Structure formats: structure tokens, C-alpha cells
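S.K.: model this:
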Amino acid sequence: INNFIVILVPMVHSPKKCQPRPNPAPYKRKPKTPHQKDGRKNLTLTDWLVVFAYIDEHPDLPQDHIVQHFKTRKEGMLGFTQATLERRYRREELQNAKQATLDQFWNIK
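M.R.: Numbers count the residues shown, from 1 in each chain. Just a heads-up that it's a prediction; the model follows:
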């Protein structure tokens, strides 16, 4: 049957090369604060429709002026950046183009 030869080799410990490091001091954490977005909140679909209606009424107005208008309007501030406006406006344009294409397709048949 199977014969195994077991050789026991004593373990030789080599001397430590490095001295152990001292324990670090406890980490002093700053107290947690709630996240703040510079007074901005997520705009609702209705808010964006108001913004797009204003853009349609003032087509020659630059986007940074539109952002400033909504930050200082009397009815209540709508806080968003120029980059957010650009992104949402492109998305709106794409959706309108897609809907126009679908309408055209269904009118052909």
C-alpha cells in the first residue's frame, strides 16, 4: 500500500531585521457636517420647463445670463450652473428631435 516517508525539519528562526514600529497615535477626526450644495437643490421637471420656456422667449440671451436671472428672480431662486443648463438643454433638444422623428415615421405609414 502507500508508504510515506515524513521528514521533520526543525524550523530555524532568523533574527528580526527591523524593529517593530510603535503604535500610531489615535486619529483625530473632524466632526461630520451635512453636505451643502451652496443653497442649491434638485430642480423639478416643472422648474426645468419654466427655464426652457424662458430660453424660448429669449433665444439670443447667453446661458450665463439665464443662470444669473434665475438666481436673482423675485418668484424664488432656481439654483443651477451653466454646465447643468447646457447638459439639460442638450438632453431636451435630443428628446425633441427623437419625438419629431417618431412623429414623422408614424405619419408616413
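
S.K.: Let's verify the residue nearest to the spatial centre of the chain: helix, strand, or coil?
M.R.: Geometric centre of the chain, nearest residue: T84, 11.3 Å, by C-alpha atoms, centre = their mean. Following DSSP: H, G, I helix; E, B strand; the rest coil, T84 is assigned to helix.

S.K.: what residues are up against it?
M.R.: Contact partners of T84, counting by C-beta atoms under 8 Å, 6 or more residues apart in numbering, are absent. Every C-beta, even on glycine, is put in place using the N, C-alpha and C of the backbone.

S.K.: That one and Q99: what is the separation?
M.R.: Counting by C-beta to C-beta, to the nearest Å, the gap from T84 to Q99 is 22 Å.

S.K.: C18 too?
M.R.: 69 Å.

S.K.: Looking at the two, which one has more neighbours?
M.R.: Q99 (10 against 5; other C-beta atoms under 10 Å).
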